[in-house]
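*Asks:* Give me a model of this one.
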Amino acid sequence: MASGRIIIDLERCKGCDICREACPQDVIEFAEQLNSKGYRPAILVDPHHECTGCALCAVVCPDGCITVYRDIPQKPARPLAALMREEVTVHV
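*Replies:* Residues are numbered from 1 along each chain as shown. Okay, here's the model as predicted:
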């Protein structure tokens with residue numbers, strides 16, 4: 001399963017609650033302190049790394065202040081021998 005994390009621009013966030021409502025993993029909460037504009041911005045609270053990087057929060061954010069980073073597990077590389085199994089005959 002993919003894992004992810006988000007970065008929220010705390011100074012641009014107005015604490016509208018739309019991202020928190022959209023998050024299927026329920027890992028977005030609100031900061032206790034106010035930002036310079038007087039809003040309580042959204043923050044990622046994910047001690048168990050449940051964020052999947054689905055990006056729903058970023059899609060619904062009206063101020064575009066959420067950046068999503070997603071780690072996708074890599075498939076193991078195929079050995080070179082497996083890539084060279086095809087037999088080719090060249091007629092001259």
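*Asks:* I'd like to check what contacts stretch 10-24. Which residues are they?
*Replies:* With contact meaning C-beta atoms under 8 Å, 6 or more residues apart in numbering, stretch 10-24 is reached by 8, 28-31, 35-37, 39-43, 52, 54, 56-66. The C-beta positions use only the backbone N, C-alpha and C, and glycine is treated the same way.
*Asks:* swap the cut-off to 10 Å and go again
*Replies:* The contact list for stretch 10-24 (C-beta atoms under 10 Å, 6 or more residues apart in numbering) reads 6, 8, 26-31, 33-44, 50-52, 54-66.
*Asks:* Please apply the same query to stretch 57-67.
*Replies:* Contact with stretch 57-67 is made by 5-14, 16, 18-25, 27-28, 41-42, 44, 51, 55-56, 68, as judged by C-beta under 10 Å, 6+ apart.
*Asks:* 8 Å instead?
*Replies:* 6-9, 12-14, 16, 18-20, 22-23, 28, 42, 68.
*Asks:* if you look at the contacts of stretch 10-24, which of them are in helices?
*Replies:* Per DSSP state H, helices hold the following members of the contacts of stretch 10-24: 56-60.
*Asks:* which among the contacts of stretch 57-67 end up buried?
*Replies:* Listed as buried from the contacts of stretch 57-67 are 6, 8, 13-14, 18-20, 22-23, 28, 42, 68; burial here means 16 or more other C-beta atoms under 10 Å.
*Asks:* Need the max-distance pair from the residues you listed.
*Replies:* Farthest apart among the buried ones among the contacts of stretch 57-67 by C-beta to C-beta are 14 and 68. That separation is 18.9 Å.
*Asks:* Tell me how far residue 22 lies from residue 34.
*Replies:* Distance, residue 22 to residue 34, using C-beta to C-beta, to the nearest Å: 23 Å.
*Asks:* er, residue 73 actually
*Replies:* As judged by C-beta to C-beta, residue 73 and residue 34 stand 39 Å apart.
*Asks:* With residue 3 instead?
*Replies:* Counting by C-beta to C-beta - residue 3 and residue 34 are separated by 30 Å.
*Asks:* which residue packs closest to the most centrally placed residue in the chain, ignoring adjacent ones?
*Replies:* Per C-alpha atoms, centre = their mean, the C-alpha nearest to the average position across the chain is that of residue 53, at 2.6 Å. Closest residue to residue 53 apart from its sequence neighbours, by C-beta to C-beta, 6 or more residues apart in numbering: residue 4 at 2.1 Å.
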